[in-house]
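Q: this one's sequence-less:
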């Protein structure tokens with residue numbers, strides 16, 4: 001039986017709401033993060049970050065990190081869910097940083113997020129970031145304006161394809177053109193731009209694997225269609241200043257694990273960090289014990305769809321299925337958890353929904369569900385407010401880690417085609433690297449911190 005509850009109470013609501021920073025992380029190079037954004041990240045309790053924010057940028061911050069990645073047709077969180085997640089943490093009195101690639105107010109949907117914050121009376125501020133157009137311009141030596149050549153520039157998006165704008169400016173920059181480069185160029189040509197107009201496609205701007213493709217409008221339109229992601233397009237005569245051997249491309253790219261030696265000076269090297277710490281997705285011992293002892297519980301309480309997804313993954317891996325849950329009251333905290341349960345053929349017995357934090361224990365009590373033995377699957381950081389509210393209803397609560405925020409989806413693969421050197425700081429890092437890469441191309445120069453690391457390297461990557 002499904003029970004809906006929209007009742008609210010002020011119990012357990014913090015006296016003061018939290019504070020939200022809508023911050024830009026820049027286009028990719030971690031060193032382009034602003035001082036103000038860095039300060040906000042140090043102060044944060046929670047960081048919600050996008051797909052274009054490199055995970056290693058956040059390693060040094062103690063906040064809870066939640067990956068909200070969004071790319072075309074592949075959204076980890078929908079925008080409405082992101083808005084709800086920001087509000088939820090802020091209403092719990094937390095300092096939240098919503099960290100977005102580039103600048104939050106240039107095709108970053110920052111305006112939608114602050115509108116939601118205004119509706120809930122939550123204080124916030126916006127921290128601008130270096131937008132992709134500025135980063136790509138600087139790291140390719142293609143100026144966006146140039147005396148006597150370009151006195152105007154416009155920023156546009158490459159979708160939807162039936163509404164591509166072609167402003168009458170000297171230079172145009174198109175964002176989000178992963179699969180629509182040819183549609184953009186066709187629209188530009190249809191507006192009467194000369195076939196000799198210069199075009200540059202910049203892929204992975206400001207990152208170690210940045211690539212730049214140049215040609216005329218006619219040349220690009222004759223090429224076979226390709227997908228460039230993430231990428232932007234620059235159109236205009238200032239592209240004539242582009243040189244393949246620019247200041248950024250001349251630097252060697254060194255992949256480092258741990259602290260890099262001083263020999264890799266910034267003037268000559270681009271340092272590409274490789275995080276080598278082991279991240280586990282679940283407490284496997286506890287998972288095994290809870291699944292084998294599932295009969296000791298009377299309720300399963302799911303806070304979100306990820307808790308549902310990974311709980312059932314482990315349930316099936318241990319040779320069980322939904323029949324072993326027949327004796328349990330299954331409760332979903334929101335619509336997303338409820339929808340995910342339907343994927344496994346389960347209609348939750350109880351679905352609690354509230355726009356503000358409420359006493360979950362009281363809501364369960366009102367539904368005659370107090371005094372339960374609750375299994376609470378979730379992430380590595382237990383939401384103590386939720387657990388406490390469940391206990392307020394006289395229930396016993398057993399938190400169970402079934403996933404780590406972002407760990408399953410945010411393994412950053414390094415493209416070794418762009419790497420010139422690798423430095424291993426420890427034998428452990430060699431082993432971690434071996435988990436992701438079967439071989440190291442012979443052209444790459446490898447150095448190690450000590451003899452033990454050197455032996456491990458030769459053992460695992462012997463020619």
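A: That came through, no problem. Since this is a predicted model, take the numbers as computed values, not measurements.
Q: can you pull out the helices in the stretch 101-250 of the chain?
A: Assigned by DSSP state H, counting those that start in this stretch, the stretch 101-250 of the chain shows helices spanning 110-119, 132-140, 181-190, 217-222.
Q: which residues touch residue 344?
A: 308, 312, 322 (C-beta atoms under 8 Å, 6 or more residues apart in numbering). Every residue, glycine included, has its C-beta placed from N, CA and C.
Q: cool, and residue 203?
A: Shown in contact with residue 203 (C-beta under 8 Å, 6+ apart): 209, 210, 211, 212, 213, 228, 229, 230, 231.
Q: Regarding stretch 198-209, how distant is the last residue from the first?
A: Criterion C-alpha to C-alpha, to the nearest Å; first-to-last residue distance in stretch 198-209 is 23 Å.
Q: Stretch 369-376 now?
A: First residue to last in stretch 369-376 (C-alpha to C-alpha) measures 15 Å.
Q: From the rest of the structure, what touches that stretch?
A: 290, 294, 296-301, 303, 329, 331, 350, 361, 364, 382, 386-387, 390, 393-400.
Q: Filter the residues you listed down to the buried ones.
A: Buried members of the contacts of stretch 369-376, counted by 16 or more other C-beta atoms under 10 Å: 290, 294, 297-301, 303, 329, 331, 350, 361, 364, 386-387, 390, 393, 395, 397-400.
Q: Let's see which of those end up in strands.
A: When these are checked against strands (DSSP state E), the matches are 299, 300, 301, 329, 331, 350, 397, 398, 399, 400.
Q: Make sure the third one is actually in contact with residue 333.
A: Which is residue 301. Yes - if you go by C-beta atoms under 8 Å, residue 301 and residue 333 touch, sitting 7.1 Å apart.
Q: ok so, going back, for the ones in strands among the buried ones among the contacts of stretch 369-376, which one is nearest residue 262?
A: Here the nearest of these to residue 262, counting by C-beta to C-beta, is residue 399; it sits at 44.4 Å.
Q: who does that closest one bridge with?
A: Beta-bridge partners recorded for residue 399 (DSSP bridges): residue 376.
Q: Next one: it relative to residue 390, how far apart?
A: Between residue 399 and residue 390 the computed distance is 10 Å (C-beta to C-beta, to the nearest Å).
Q: what pLDDT does residue 74 get?
A: For residue 74, the pLDDT comes out at 48.
Q: same deal with residue 274?
A: 84.
Q: Then the one 4 residues further on?
A: Here, the pLDDT recorded for residue 278 equals 41.
Q: May I have the residues that are in contact with residue 122?
A: Counting by C-beta under 8 Å, 6+ apart, residue 122 touches 17, 18, 19, 20, 87, 90, 91.
Q: go on, residue 422?
A: Applying C-beta under 8 Å, 6+ apart, we find residue 422 in contact with 254, 255, 256, 433, 440, 444, 445, 446, 447.
Q: For the most far-flung residue of the chain relative to its centre, give its distance to residue 238.
A: Going by C-alpha atoms, centre = their mean, the residue of the chain most distant from its centre is residue 148, 41.1 Å out. Distance from residue 148 to residue 238, counting by C-beta to C-beta: 11 Å.
Q: what residue ranges in the chain score low on pLDDT?
A: Within the chain, the segments meeting pLDDT under 70 span 1-15, 70-76, 227, 258-259, 276-282, 353-359, 361, 380-383, 404-412, 463.
Q: Residue 161 contacts residue 183, correct?
A: Yes - using C-beta under 8 Å, residue 161 is in contact with residue 183, at 4.3 Å.
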